[in-house]
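>>> Sequence and predicted model, in that order:
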Amino acid sequence: MISEHPRVRFAPSPTGYLHVGGLRTALYNYLFAKNQNGKFILRIEDTDRNRFVEGAVENLINVLKWIGLDYDEGPAKGGNYGPYMQSERLDIYKKYAEELIEKKHAYYCFCSPERLSEVKEEQKQKGLQPKYDKHCLSLSREEIENNIKSGMPYVVRLNVPPDLKVAFDDIVRGHVEFDSNGIDDQVLIKSDGYPTYHMANVVDDHFMKITHVVRGEEWLSSTPKHVLLYDAFGWEKPQFAHLPLLLNPDRSKLSKRQGDVAVEDYRAKGYLKEALLNFVALLGWNAGDDVEFYYLDEMIKKFSLERVNKSGAVFDLAKLHWLNAEHLRKLPDRDLLRLLREELAASKFKNNDYSDEYLLKVITAMKERVSFVREYIEKSPYFFERPETYEENAVKKSWKENTPELLKKLIEAFSKLDSPNKEDYENVLHKTAEELQVGNAKLIHPVRLATSGLSAGPGLFDILVILGKEETIFRLQDALERVKI
């Protein structure tokens with residue numbers, strides 16, 4: 001009997017990295033489970049030994065942990081329905097494959113790869129759909145036993161009945177029907193003794209009491225094989241929900257050829273986990289309103305599989321960029337401080353010692369001007385080092401013959417200040433400009449250039465307060481020496 005509380009699973013193959021499509025599958029399963037007070041299970045489908053990548057399982061678990069999708073049962077955590085690595089469940093698959101053979105729902109196949117190729121080629125030439133021709137279904141028990149005893153390689157195949165309508169109701173796609181004449185006698189157990197995805201998937205979902213199978217649209221054509229397996233075993237089927245494809249802006253299928261597809265790539269580029277989750281959630285789902293900014297707990301409250309779209313979802317990097325900026329601005333300053341320290345530790349400024357008070361002032365000044373944490377350093381390097389060069393166009397525009405004379409007067413006025421605040425710098429600059437009978441801009445632009453090396457940035461007086469009086473005066477004097485017109 002299937003559990004009354006939903007039990008869903010994310011079941012990736014350990015192939016080296018987590019695809020953003022895989023992240024969306026994990027997220028939708030997680031949101032659905034948490035919305036319904038259910039369980040979110042991580043199962044590793046590592047039965048394809050040709051694609052297995054060393055360290056990939058650990059990487060996958062680390063990425064899920066980083067992004068905040070905490071599973072209830074799975075590797076390293078355990079649970080009542082383990083093991084959660086398919087390679088540790090081989091005896092289970094073997095037992096149930098033998099049961100299918102006994103019931104005539106599966107059979108041994110000894111055909112060589114060469115024969116299989118010949119059959120498919122012949123079918124293609126006749127304009128037929130290439131599929132296995134059931135040649136080994138008619139072997140006698142004696143022939144089968146002799147072949148096995150002699151060590152002949154074999155696979156176990158699903159015996160698909162002809163002229164059958166295989167139907168199921170999909171939460172996203174509605175009623176779906178397939179003609180069994182178009183379904184191949186799928187391999188269930190490979191010649192190496194490992195199960196295929198189809199066999200392991202159905203057996204594990206049954207014994208792990210999975211109630212809802214939520215996965216990508218690419219598995220839709222495999223589902224009739226799974227339905228046939230459930231029926232062959234006499235097991236209750238879970239509910240299916242197939243998520244729409246992820247598309248590039250040109251509506252081609254999202255692939256590595258057109259850019260980054262790994263979660264790890266986006267993490268390395270500095271995207272916040274909150275922004276990435278928010279963005280991925282909207283790739284095929286909306287709550288029926290115009291809200292686009294979400295935190296994870298808000299998504300849990302609003303999520304339903306019924307609100308997932310059928311049509312493909314376009315992966316729009318501009319939207320991800322916008323969401324990152326929005327989430328960054330809403331982060332508490334203490335969280336930003338930790339992230340900025342991490343960026344500094346990975347930069348050329350790693351040996352510099354900055355107080356929390358100093359960095360928090362930088363964060364306040366730059367918060368509305370950055371979309372990534374690294375931009376606190378990239379867009380305002382002058383908070384971490386003295387300018388070595390000065391923006392060429394700004395020098396031409398705002399550094400005139402009388403600028404040195406004006407700045408010397410301003411330095412003199414700044415020197416008389418005692419622990420100046422923002423208003424003190426502003427008042428002194430305005431007063432000096434008045435005394436020198438020049439507009440404020442004649443001082444503001446050269447001072448900005450001298451202290452930052454740039455012509456744009458946060459408010460000038462914010463910069464001066466953060467740098468402090470001594471450093472401000474040093475940089476003004478240094479610029480008088482360095483800037484040549």
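Received, thanks.
>>> Only C-alpha atoms from now on, for both contacts and neighbour counts.
Noted.
>>> residue with max distance from the center of the protein?
Among the C-alpha atoms of the chain, the one farthest from their average position, using CA atoms, centre = their mean, is that of residue 435, at 58.6 Å.
>>> Next, work out how far apart that residue and residue 290 are.
With distances taken as CA to CA, to the nearest Å, residue 435 is found 55 Å from residue 290.
>>> Check residue 96 too.
As defined by CA to CA, residue 96 lies at a distance of 49 Å from residue 290.
>>> OK, contacts around residue 78?
Under the criterion of CA atoms under 8 Å, 6 or more residues apart in numbering, the contact list for residue 78 reads residue 84.
>>> For it, give me the backbone phi and psi.
Note on residue 78: backbone dihedrals following degrees, to the nearest 10 are phi 80, psi -170.
>>> OK, contacts around the nearest residue to residue 25 once chain neighbours are set aside?
Among residues not flanking residue 25 along the chain, residue 215 sits closest, at 5.8 Å (CA to CA, 6 or more residues apart in numbering). Applying CA under 8 Å, 6+ apart to residue 215 gives the contacts 25, 241-243.
>>> Residue 215 - that's part of a strand, no?
Yes: counting by DSSP: H, G, I helix; E, B strand; the rest coil, one finds residue 215 located in a strand.
>>> where's it relative to residue 332, distance?
The separation that residue 215 has from residue 332, given CA to CA, amounts to 35 Å.
>>> Residue 80 now?
Applying CA to CA to residue 80 and residue 332 gives a distance of 39 Å.
>>> now the strands for the stretch 51-200 of the chain?
With strands called from DSSP state E, counting those that start in this stretch, the stretch 51-200 of the chain shows them at 106-109, 155-158, 165-170, 174-179, 187-189.
>>> Mind checking the ones you listed for the one nearest to residue 296?
Residue 296 lies closest, by CA to CA, to one member of the strands of the stretch 51-200 of the chain: strand 165-170, at 25.7 Å.
>>> Okay, now the unreliable bits of the stretch 201-350 of the chain?
Residues of the stretch 201-350 of the chain meeting the criterion pLDDT under 70: 256-259.
>>> Tell me where it has helices.
223-233, 263-268, 273-281, 296-302, 317-330, 333-345 (DSSP state H, counting those that start in this stretch).
>>> Find the one among these with the highest mean neighbour count.
For the helices of the stretch 201-350 of the chain, average neighbour numbers computed from mean count of other CA atoms under 10 Å are highest in helix 273-281, which has a mean of 22.
>>> That helix - contacts with which helices or strands?
Contact partners of helix 273-281 among helices and strands, from 3 or more CA pairs under 8 Å, 6 or more residues apart in numbering; DSSP states H and E: helix 20-35, helix 56-67, helix 296-302, helix 317-330.
>>> count of neighbours near the nearest residue to residue 181 once chain neighbours are set aside?
Counting by CA to CA, 6+ apart, residue 162 is the residue found nearest to residue 181 once chain neighbours are left out, at 5.4 Å. Taking other CA atoms under 10 Å as the criterion, the count of residues near residue 162 is 11.
>>> thinking again about what came up before, reformat the helices and strands packed on helix 273-281 as JSON lines; add distance to residue 263.
Below are those laid out as JSON lines (distance: least, CA to CA, whole Å):
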{"stretch": "helix 20-35", "distance to residue 263": "6"}
{"stretch": "helix 56-67", "distance to residue 263": "8"}
{"stretch": "helix 296-302", "distance to residue 263": "17"}
{"stretch": "helix 317-330", "distance to residue 263": "13"}
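>>> Nearest to residue 459 among these would be which one?
Where the helices and strands packed on helix 273-281 are weighed against each other on CA to CA, the nearest is helix 317-330, at 17.7 Å.
>>> who does the closest one touch, helix- and strand-wise?
Under the contact criterion of 3+ CA pairs under 8 Å, 6+ apart, the helices and strands touching helix 317-330 comprise helix 273-281.
>>> could you redo the last one with a cut-off of 10 Å?
Using 3 or more CA pairs under 10 Å, 6 or more residues apart in numbering; DSSP states H and E as the contact test, the elements touching helix 317-330 are helix 273-281, helix 333-345, helix 356-366.
>>> could you give the angle of the first one to helix 56-67?
Relative orientation of helix 273-281 versus helix 56-67 (axes from the mean of the first three to the mean of the last three CA atoms, to 10 degrees): 100 degrees.
>>> Distance from helix 273-281 to the middle of the chain?
How far helix 273-281 lies from its chain's middle: 8 Å, per CA atoms, centre = their mean, to the nearest Å.
>>> okay, the strands of the stretch 51-200 of the chain in TSV with mean pLDDT next?
Formatted as TSV, the entries for the strands of the stretch 51-200 of the chain read as follows, by pLDDT from 0 to 100:
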stretch	mean pLDDT
strand 106-109	98
strand 155-158	98
strand 165-170	98
strand 174-179	98
strand 187-189	98
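>>> Can you say which of those strands is nearest to residue 231?
Taking CA to CA as the criterion, strand 165-170 is the member of these that comes nearest to residue 231, at 10.3 Å.
>>> So which bits of that closest one are buried?
Under the neighbour-count criterion of 16 or more other CA atoms under 10 Å, strand 165-170 has 166-168, 170 buried.
>>> buried set for stretch 237-250?
Of the residues in stretch 237-250, those buried under the neighbour-count criterion (16+ other CA under 10 Å) are 237-238, 240-248.
>>> re earlier: out of the buried residues of strand 165-170, who's nearest residue 183?
Set against residue 183, the nearest of the buried residues of strand 165-170 by CA to CA is residue 166 (9.7 Å).
>>> How about the closest one, nearest residue that isn't a chain neighbour?
The shortest distance from residue 166 to any residue other than its chain neighbours is 5.1 Å, reached at residue 178 (CA to CA, 6+ apart).
>>> quick one: the one you found and residue 169 touch, right?
No: no contact is recorded between residue 178 and residue 169 when judged using CA atoms under 10 Å, the distance being 11.8 Å.
>>> and the nearest residue to residue 220 once chain neighbours are set aside, what are its bridge partners?
Leaving aside its chain neighbours, residue 220 sits nearest to residue 242 (6.5 Å; criterion: CA to CA, 6+ apart). The residues paired with residue 242 through beta bridges, assigned by DSSP bridges, are residue 215.
>>> ok, residue 242 - contacts?
Applying CA atoms under 10 Å, 6 or more residues apart in numbering, one finds that residue 242 lies in contact with 25, 170-174, 213-220, 223, 305, 308-310.
>>> do residue 140 as well
Each residue near residue 140 by CA under 10 Å, 6+ apart is listed here: residue 146.
>>> Report the separation between it and residue 146.
Using CA to CA, one obtains 10 Å as the distance from residue 140 to residue 146.
>>> do the same with residue 7
Taking CA to CA as the measure, residue 7 falls 44 Å from residue 146.
>>> Break this protein into its domains for me.
Following automatic domain parsing, one finds the domains of the chain at 90-243, 256-330, 331-383, 386-485.
>>> Specify the stretch among those that is closest to residue 43.
Residue 43 lies closest, by CA to CA, to one member of these: domain 90-243, at 9.0 Å.
>>> before we move on, back to that, could you dump the strands of the stretch 51-200 of the chain to a markdown table with distance to residue 385?
Formatted as a markdown table, the entries for those read as follows, by distance: least, CA to CA, whole Å:
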| stretch | distance to residue 385 |
| --- | --- |
| strand 106-109 | 71 |
| strand 155-158 | 67 |
| strand 165-170 | 59 |
| strand 174-179 | 61 |
| strand 187-189 | 63 |
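>>> For residue 466, find the nearest of the ones you listed.
Taking CA to CA, strand 165-170 is the member of these nearest to residue 466, at 58.8 Å.
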